[in-house]
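In: Would you be able to build a 3D model of this:
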Amino acid sequence: MLRAGQIVDDQFMASLDTVFQKGLPANADAERFVLGAILLEDAAFVSVAATLDADDFSLESHRRMFLRMAELSARGERIDRLTLANELMRHSQLEAAGGLSYLISLDDGLPRLFNLDSYVRIVKDKALLRRIIMTSQGLIDKCMMGEEEPVSILATAEDSLLRLGDAQTGQALKSTHELVEEFEGGINTFLDPSKRIRGISTGYIKFDELTGGLHPGELIILASRPSMGKTALALNIGQHVATSPQNPQAVAVFSLEMSWESLLQRMVCAAARVDQQKFRAGYLGQEERRRLAHAATQITKAPLFIDDTAGAGLMDIHSKLRRVKAEHGLGLVIVDYLQLMSGRGRYENRNAEISSLSRGLKLMAKELKTPFLVLSQLSRAPETRPGDHRPQLSDLRESGSIEQDADLVAFIFREEVYKPDHENLKGFAELIVGKQRNGPIGRVKLAFLREFTKFENLTEDLEGTSEG
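Out: Here you go, the predicted model:
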């Protein structure tokens, strides 16, 4: 600790005593040595700043010094006692930082061959412990107040602690050599397109050819006007992923509009190719019942998880997905639909709230390394547009950030909805890829079986495949 003989003014000692009276984890010597080492060798600031933030220092005086060092470094100026003292004086902070005498004493006791990395690690570890304590105290206060539901507090706890862990394990930049070495399959797989790992198949041949499948960490927006079939298509894709004979993967479906009973009914009828209206009315033949039983068995054995909580938020979805991934893995997440989600906190308008939600979903997809298929509504623009009613990116409802955050945006278009009298349009649909960050845009033609609420490949697309 600081020696009694050191000339440090009373004001600084009082602030030091106040900090440590709180009992929070801190190591003032480690902080002092980090700052002292930078003053002795200002080139060290860059490496220190890559790990530490000003808030990682427990003492306000140390935080102020580090911030002023950052300003000097940003301007390309040397960092030493004189320049730091001058910078503190410019901000009227020299005395609050302990005065010139304390500045001079920062390297007192610092070994001639100092171990800066160790000092930085100590400061970072103590900062993390303080944040854990403060986060825990906030949760305790919420529990004592009892103003929120326990489930909501638990979701907050999981999210807060996860963010602390993410901040602690941030990765540094990697060289291209390191990246290729870590690529699954190594350099040979990376260079051979036929062996490279592709995305998850959606079951739709031409769409998979256009996109390479759904890739981990991607935010895929599937949008349409009402009654075009976006929920049906999303469920068809989810069902294909979860029941794939070659590689079934866990699929999590968050339905903010429909109940789990309705979703399950849709999936079973689609898989069994049974008319939903006949199913609801109960007018089923023996063969239809047999197909339903087989489809229900197949689906209930699949790693399909459904949550129909209304108004789910990012934290609710995040905490539930982490549990599923830990226990079953996670191949695909479906959210139906974006505009029914609720954001926590206050927003200037609905656009700002939707922007926050879309950005949060993108970050979640990246963190969980899982494709997120998020359904979205469109504005009325396609219906009022003369001639061609096909949707465009500008039709995405309530926020331009949806287009910005998405890796892929696809629209469902069924011209028969606008021209019901044209018999030659019935049963045909288009899946329009309006944006693809890592590939081309284009249109994919599909068949739509209304009575089964099911999209299928066209017969000509199946020719020459294993499904043919």
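
In: which stretches of the stretch 201-350 of the chain form helices?
Out: Remark: helices assigned in the stretch 201-350 of the chain by DSSP state H, counting those that start in this stretch are 205-211, 230-243, 260-272, 276-281, 286-301, 314-328, 350-368.

In: export these to TSV and tack on mean pLDDT, distance to A43 and mean neighbour count?
Out: In short, each C-beta sits where N, CA and C put it, glycine included. Listed next are the helices of the stretch 201-350 of the chain as TSV, based on pLDDT from 0 to 100; distance: least, CB to CB, whole Å; neighbours: other CB atoms under 10 Å:
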stretch	mean pLDDT	distance to A43	mean neighbour count
helix 205-211	89	47	19
helix 230-243	91	51	24
helix 260-272	86	60	20
helix 276-281	78	70	13
helix 286-301	86	61	14
helix 314-328	82	40	17
helix 350-368	82	33	19
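
In: mind checking which of these is nearest E147?
Out: Across those, the minimum distance to E147, taken as CB to CB, is reached by helix 314-328, at 16.6 Å.

In: angle of that closest one against helix 350-368?
Out: Interaxial angle, helix 314-328 versus helix 350-368 (axes from the mean of the first three to the mean of the last three CA atoms, to 10 degrees): 20 degrees.

In: Ranking helices and strands of this protein by mean pLDDT, which lands last?
Out: The weakest-scoring helix or strand in the chain, judged by mean pLDDT, DSSP states H and E, is helix 10-21 (a mean of 47).

In: closest one to A74 among the helices of the stretch 201-350 of the chain?
Out: Checking the helices of the stretch 201-350 of the chain against A74 by CB to CB gives helix 350-368 as the closest, at 27.3 Å.

In: Could you list every helix and strand in contact with that closest one?
Out: Here helix 350-368 touches strand 219-224, helix 314-328, strand 332-336, strand 372-377, helix 401-405, going by 3 or more CB pairs under 8 Å, 6 or more residues apart in numbering; DSSP states H and E.

In: Can you say which of those is nearest to N457?
Out: When the helices and strands packed on helix 350-368 are compared by CB to CB, strand 219-224 sits nearest N457, at 17.3 Å.

In: Can you pull the poorly scored residue ranges out of the stretch 351-468 of the chain?
Out: The model of the stretch 351-468 of the chain has pLDDT under 70 over residues 397-400, 461-468.

In: Could you rerun that using 90?
Out: Flagging of the stretch 351-468 of the chain using pLDDT under 90 yields the residue ranges 351-369, 376-406, 413-430, 434-435, 437-439, 447-454, 456-468.

In: Please name the nearest non-neighbouring residue to L314.
Out: Closest residue in space to L314, ignoring its immediate chain neighbours: G360 at 4.3 Å, by CB to CB, 6 or more residues apart in numbering.

In: about what we covered before: out of the helices and strands packed on helix 350-368, which is closest to H62?
Out: Closest of the helices and strands packed on helix 350-368 to H62 is helix 314-328, at 33.1 Å (criterion: CB to CB).

In: now that closest one: how far from the chain's centre is it?
Out: Distance, stretch centre to chain centre, for helix 314-328: 12 Å (CA atoms, centre = their mean, to the nearest Å).

In: and the angle from it to strand 372-377?
Out: 140 degrees.

In: just the helices in the stretch 51-200 of the chain please.
Out: 60-74, 81-90, 99-104, 116-145, 150-168, 176-182, 186-191.

In: which one of the ones you listed is the most hemmed in?
Out: helix 60-74 (a mean of 19; mean count of other CB atoms under 10 Å).

In: what's it packed up against?
Out: Packing partners of helix 60-74 (3+ CB pairs under 8 Å, 6+ apart): helix 10-21, helix 28-40, helix 44-49, helix 81-90.

In: how about the strands in the stretch 351-468 of the chain?
Out: In the stretch 351-468 of the chain, the segments counted as strands under DSSP state E, counting those that start in this stretch are 372-377, 408-413, 428-436, 442-449, 454-457.

In: Would you tell me which one of the helices and strands packed on helix 60-74 is buried the most?
Out: Neighbour counts (mean count of other CB under 10 Å) averaged over each of these peak at helix 28-40, with a mean of 23.

In: now stretch 86-95, how far from the chain's geometric center?
Out: Worked out by CA atoms, centre = their mean, stretch 86-95 lies 41 Å from the chain centre.

In: tell me how far the ends of that stretch are from each other?
Out: Length of stretch 86-95, first residue to last, CA to CA, to the nearest Å: 12 Å.

In: mind putting the strands of the stretch 351-468 of the chain in a markdown table, distance to P25 included?
Out: Putting the strands of the stretch 351-468 of the chain into a markdown table (distance: least, CB to CB, whole Å) gives the following:
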| stretch | distance to P25 |
| --- | --- |
| strand 372-377 | 37 |
| strand 408-413 | 45 |
| strand 428-436 | 47 |
| strand 442-449 | 56 |
| strand 454-457 | 57 |
